[in-house]
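In: next comes the sequence, and after it the predicted model I'd like to discuss.
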Amino acid sequence: MGGRFGDGRVKPEPEDVKFHADWHPRALALTLACGMLGQWNLDMMRRAREGLAPTDYARFAYYEKWLAALADMLVEVGLVTCAELAGEAAAEPSPLSERRVGPEVVTTILARGGPATRDSAVTARFQPGDSVRTRHLAENTTVPGGHTRLPAYAAGRTGRIVRQHGSHVLPDSNAHGNGEAPEPLYAVAFAARDLWAHPETPLDEVMLDLWQGYLSPA
Amino acid sequence: MPHDDHDHPHTLLPPDPALRVKALETLLTRKGLIDPAALDVIIDTYSNRIGPQNGAHVVARAWSDPGFKAALLADADPVLADMGYYGRQGEHMMVVENTDQVHNMVVCTLCSCYPWPLLGIPPGWYKSDAYRARAVREPRKVLAEFGVTLPDGTAVRVWDSTAEVRYLVLPQRPAGTEGMTETDLQALVTRDSMIGCGMVPAP
């Protein structure tokens, strides 16, 4: 939705507000704890959130998207059946219950994180200062309608490499269970005037982190 | 009420989100996949233990120690790991410095990626459609909604967090803070200033 018109004002809020409803922290914790069962990766979960019906994506609040995607993902990987979700069948004990995360280890798991950097056989093509052009279409090139991290507003635009971040897992592949396919990732600067018909000033820039496969020499 | 949608099994759950959470948690607990006590620990972690005070600590130290600041800007990960600020959604960090010439601001237009170990979970406005849509196209108008007006000649650089790299803004140190201790400086630093949507107020 980057660049979209019509969304109205941003509403700042006091810095001590963390959640806006009692169920929000529960939805957050439930999603993280289920993720710790190791049956999907973060890219798959993002794909599930984006895969909600467009009307639901538009009307759901942030944690409602999380919850809906979680339910969809639980069924997709077979942890839960539709009948169980609907309350039409009694909950069967899961064979994966031995993976259940207890209170004594969650803090350690959160602190350990999940780095996305990997060794890669793909050689870096670009250096800081190089001029590059993004893919003309902001679409997954192997899976129709699949997940990608090239925003539509930055498709087919010319930018400048500012940093090489090393090689990172490629979401376009990993989100579909097609392997991590790591490749070089770059911070790329785009002049606002190259992205928008009415940039606020000629000075401004937008920086994006983009995988090598999204880019070609310009 | 629930209807059959094979692509979207979530429609089988009650539509009210509070009831949805409860239904899912009950089901997953019965299946032995979730321990409610573990959820309590996760909630406590992000409600009380991990939050903007961590980022403020980093900023205050960077203002106080030029060597630390240089190392932080050059390669943040080892510096932050030394301070214990590492973890989920903060595995690959870059710290970007605001100056008279450049004002940095952070957004995730694709979802709501945010540096959790340093700032906690994102504020509501950061996750809003309005912020995600507009921060990249009209950052100065968005800043004005936070009460921030930049001087003429300051360039805006908006970082759209499209990969697993997370960004922390090192805000400008306000005038009148010379001689303040790191602890006192830390108390001045606001969350919004570390996202690039605020200025740190003078004491």
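Out: Cool, the structure landed.
In: hmm, who's touching stretch A:11-28?
Out: A:63-64, A:66-67, B:17-18, B:20-22, B:25, B:39, B:42-43, B:46-47, B:51-52, B:120-121, B:123-125, B:128, B:130, B:145-146, B:190-192, B:197 (C-beta atoms under 8 Å, 6 or more residues apart in numbering or on different chains). Any C-beta I mention is one placed from the backbone N, CA and C, and that applies to glycine too.
In: which ones among these lie within helices?
Out: Secondary structure from DSSP state H places A:63-64, A:66-67, B:17-18, B:20-22, B:25, B:39, B:42-43, B:52, B:130, B:145, B:191-192 of the contacts of stretch A:11-28 in helices.
In: what about the strands in chain B?
Out: Along chain B, counting by DSSP state E, strands occupy B:92-97, B:102-107, B:155-160, B:165-170.
In: and the ones you listed, which is most packed in?
Out: Per residue and on average, the most neighbours among these fall to strand B:165-170, with a mean of 26 (mean count of other C-beta atoms under 10 Å in any protein chain shown).
In: as a check, name the ranges of all strands in chain A.
Out: A:131-134, A:158-168, A:183-191, A:205-211, A:215-217.
In: quick revisit: how about the strands of chain B in CSV, adding distance to residue A:21 and mean pLDDT?
Out: Shown next, in CSV, are the strands of chain B (distance: least, C-beta to C-beta, whole Å; pLDDT from 0 to 100):
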stretch, distance to residue A:21, mean pLDDT
strand B:92-97, 30, 98
strand B:102-107, 24, 98
strand B:155-160, 28, 98
strand B:165-170, 26, 98
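In: ok, which of the ones you listed comes nearest chain A?
Out: strand B:155-160 (3.8 Å; C-beta to the nearest C-beta).
In: and the closest one with strand A:205-211, angle?
Out: Counting by axes from the mean of the first three to the mean of the last three C-alpha atoms, to 10 degrees, strand B:155-160 lies at 30 degrees to strand A:205-211.
In: what about strand B:155-160, distance to the chain center?
Out: 16 Å (C-alpha atoms, centre = their mean, to the nearest Å).
In: which strands or helices does that strand pack on?
Out: Packed against strand B:155-160, as judged by 3 or more C-beta pairs under 8 Å, 6 or more residues apart in numbering or on different chains; DSSP states H and E, are the following elements: strand A:205-211, strand B:102-107, helix B:139-145.
In: circling back to that earlier point, single out the most deeply packed of the strands of chain A.
Out: It is strand A:205-211: most buried of these by mean count of other C-beta under 10 Å, with a mean of 26.
In: and that strand, C-alpha only, in PDB?
Out: Output of strand A:205-211 as PDB, limited to C-alpha atoms (Å, rounded to 0.1, in the frame of the first residue of the first chain):
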ATOM      1  CA  GLU A 205      14.900   9.700  -1.000                       C
ATOM      2  CA  VAL A 206      13.300   6.400  -0.200                       C
ATOM      3  CA  MET A 207      15.600   3.500   0.800                       C
ATOM      4  CA  LEU A 208      14.500  -0.100   0.200                       C
ATOM      5  CA  ASP A 209      16.200  -3.400   0.900                       C
ATOM      6  CA  LEU A 210      16.100  -5.500  -2.300                       C
ATOM      7  CA  TRP A 211      17.300  -8.900  -3.300                       C
END
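In: and that strand, which strands flank it?
Out: Its sheet considered, strand A:205-211 pairs with strand A:183-191 (antiparallel), strand B:155-160 (parallel) by DSSP bridges.
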